[in-house]
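Student: Generate a structure from the sequence data that follows.
(one chain, ligands or ions: 1)
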Amino acid sequence: MPQRISGARFIAETLKGYGVTHVFFVEAILRRALIEMETLGIRRVLTHSEKAAAYMADGYARAGRRPGVCMAQSVGAANLASGLQEPFLGQAPVIALTGRAGLTAEQRHAYQEISHAPLFAAVTKSSAPVTTLEQLPRLLRQAFRDATTGAPGPAHLDLLGHQGQAVENPEADLDILTEAPFASIPPHRPAPEREAVRNAARALCEAERPVIVAGGGVTSSSAGGEVVAVAERLQIPVATSLNGKETLLETHPLNVGVVGRYSRWCANRVVSEADLVFFIGSGTGDLVTNGWTVPKPGTAVIQIDIDPAELGRSYPNLVGLCGDAKVALRMLLDELPERAASPWTARAREHVAAWRKELEPLRTSDAVPIRPERLCKEVSECLPQNAILVADTGFAAIWSGTMIYLTHAGQRYLRCAGSLGWGFPGSLGAKCGAPDRPVVCFTGDGGFWYHLSELETARRCGIRTVTVVNNNAALGQCAGTIRKMYRGRPGNPEDLWGFREVNFARVAEEVGCFGIRVEKPGDIAPAIRDALAADRPAVVDVVTDVNCPAPDPWDP
Ligand SMILES: Cc1ncc(C[n+]2csc(CCOP(=O)(O)OP(=O)(O)O)c2C)c(N)n1
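Tutor: Predicted coordinates:
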């Protein structure tokens, strides 16, 4: 039954109906709706920038596998759009609501106003203007549908009134209708054709050296168990993208690690030596394929993807299976016989063992300043069994993706899709999306600086995470390359990558958080444990050696 209701109440009730527990925003947007949200128990997380609000909504969405909502007034729309690049590239369901100047202000130099459509076109799956309250019910439901279906991603609504007031202030007779499937991902689990599944099963059985590459589609479909079941049935080694890292445990004998550019050499070798590569929910972009060299072009490929346009995009498919990863893999399991481990499986394990052996002295190094490899070992050993590890980009992605070991089935790994600085606000959003889990962020100091101000948000809103800062007082990933480019020329290469040394533990304490600084390797674990036990957001500031580049990717 329609009811007489304000736009503000309608927005709040609809978000509540979709199970939204937090919204992330910078004032001044949808003030009345935010007041209504308070009465419905939706947490309102006021951030220090719109970009951080978008990142938090992204972390919330990825951790909770459900839409995250961020909001900004008109002049903040560009900042919000810049933050949507992450969920767009990381394929997370985020809904962005912005205001825009009233109709009488158009085409006459309105204060703080630019056109929003071009800003959002590049970073959303859909972006629609909402001019009247009557349009809102359909468009808001569509935003949830756009964000969650197929490969998830951001959807945007641009509401009339620079605070969205032309849509939230009026009243109308409206139905509050929420469509449960679009409150989480995946809303649908489409199945591939049976014939294609049989062809894939045959190809996998005939291959001598098959390998699985599991991507983010496995994570968003919660299909890790099915990937492992297929791998174990045929004894196929499994590599993952960074987004697929949580697919299987470090200790699983078939796990060869993260492949591509931010990778372990053993994973790149195994995928390069394979005669059949089975991509599952992976975009086959340049990061996971090391610039489309791993696997080598021409290698036979089977692919599962929910988006048919991905099947064969960069590697022509022997068989393409269009569907949800979990459903497709279950169908595949019906077709697969048991197979014993082969010399190929043994070879993959040998590569992994050699990689581990090579890394061991660095993982156990007592060097001061601390080596990042040692830091990763300590984080691995302190990570709670049900933790979500959230990583920033650059070396932080390489160190965490390749050298932090997930050893418990409940552990998850969310990584930055590429925008430096995402990690810390992303982790705050992740904690809001999964409040019962410990959340640990792994970031460099360069990444942490971006949104340091959100420490205050974390403290004020009681978002209790642990942030481990790999603090080398530099943009470490850039230092080595820039030094090489100078090639002994006189000048100051540090101008391009160096920072002042700052004690982030003291900064954290100043904001009311728990802060602890670590300078010796033996002190890392106790510090992380204290931080996990703290009753407030915590920062573990680890002083590390800038002269420790992450390894270059192995190339065939
Ligand atoms: C928005 C954005 N700007 C620039 C970069 C390029 N970039 C990637 S990693 C990196 C340095 C990271 O430094 P830090 O966070 O201190 O980590 P470290 O490399 O020292 O471990 C830079 C500048 C990026 N990925 N994203």
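Student: confidence score at the nearest residue to residue 505 once chain neighbours are set aside?
Tutor: In space, residue 505 comes closest to residue 515 once its chain neighbours are excluded; the distance is 3.2 Å by Cβ to Cβ, 6 or more residues apart in numbering. C-beta here means a position set from N, CA and C on the backbone, and glycine is covered the same way. For residue 515, the pLDDT comes out at 98.
Student: Could you confirm residue 515 falls within a strand?
Tutor: Yes: assignment of residue 515 by DSSP: H, G, I helix; E, B strand; the rest coil places it within a strand.
Student: packing partners for the helix or strand harbouring residue 52?
Tutor: In this assignment (DSSP states H and E), residue 52 forms part of helix 50-64. With contacts defined as 3 or more Cβ pairs under 8 Å, 6 or more residues apart in numbering; DSSP states H and E, the packing partners of helix 50-64 are strand 22-25, strand 68-72, helix 77-90, strand 94-100, strand 412-415, helix 423-433, helix 454-461.
Student: May I see the buried residues of that helix?
Tutor: Neighbour-count burial for helix 50-64, counted by 16 or more other Cβ atoms under 10 Å, picks out 50-64.
Student: secondary structure element for residue 277?
Tutor: strand 276-280.
Student: so for that strand, what's the average pLDDT?
Tutor: 98.
Student: now do stretch 330-339
Tutor: 97.
Student: Please enumerate residues in contact with that stretch?
Tutor: For stretch 330-339, the external contacting residues (Cβ atoms under 8 Å, 6 or more residues apart in numbering) are 191-192, 194, 197-198, 200-201, 204-205, 226, 229-230, 233-235.
Student: Please identify the buried residues of that stretch?
Tutor: Buried, per 16+ other Cβ under 10 Å, within stretch 330-339: 330, 331, 332, 336.
Student: got it, and stretch 188-206?
Tutor: So for stretch 188-206, counting by 16+ other Cβ under 10 Å, buried means 192, 196, 197, 199, 200, 201, 203, 204.
Student: out of those residues, who's near the ligand?
Tutor: Among the buried residues of stretch 188-206, no residue sits close to the ligand (Cβ under 6 Å from any ligand atom).
Student: Identify the residues contacting residue 141.
Tutor: So residue 141 contacts 14, 177, 178, 179, 182 (Cβ under 8 Å, 6+ apart).
Student: wait, residue 320
Tutor: 196, 302, 303, 305, 308, 311, 312 are the contacts of residue 320 under Cβ under 8 Å, 6+ apart.
Student: Tell me the one of the residues you listed nearest the ligand?
Tutor: Using Cβ to the nearest ligand atom, residue 305 comes nearest to the ligand of the contacts of residue 320, at 26.0 Å.
Student: The helix or strand of the chain with the lowest mean pLDDT packs against which elements?
Tutor: When the helices and strands of the chain are scored by mean pLDDT, DSSP states H and E, helix 476-486 comes last with a mean of 94. Counting contacts by 3+ Cβ pairs under 8 Å, 6+ apart, helix 476-486 is packed against no other helix or strand.
Student: Next, find the distance separating residue 213 from residue 151.
Tutor: With distances taken as Cβ to Cβ, to the nearest Å, residue 213 is found 17 Å from residue 151.
Student: So between the two, which is more surrounded?
Tutor: For residue 213 versus residue 151, neighbours defined as other Cβ atoms under 10 Å are more numerous around residue 213 (29 against 19).
Student: What's the mean pLDDT across the helix or strand that contains that one?
Tutor: Following DSSP H and E, one finds residue 213 within strand 210-214. For strand 210-214, mean pLDDT rounds to 98.
Student: And it, what does it pack against?
Tutor: Using 3+ Cβ pairs under 8 Å, 6+ apart: strand 210-214 touches helix 224-234, strand 238-240, helix 265-273, strand 276-280.
Student: Having no further points to raise, I will conclude here.
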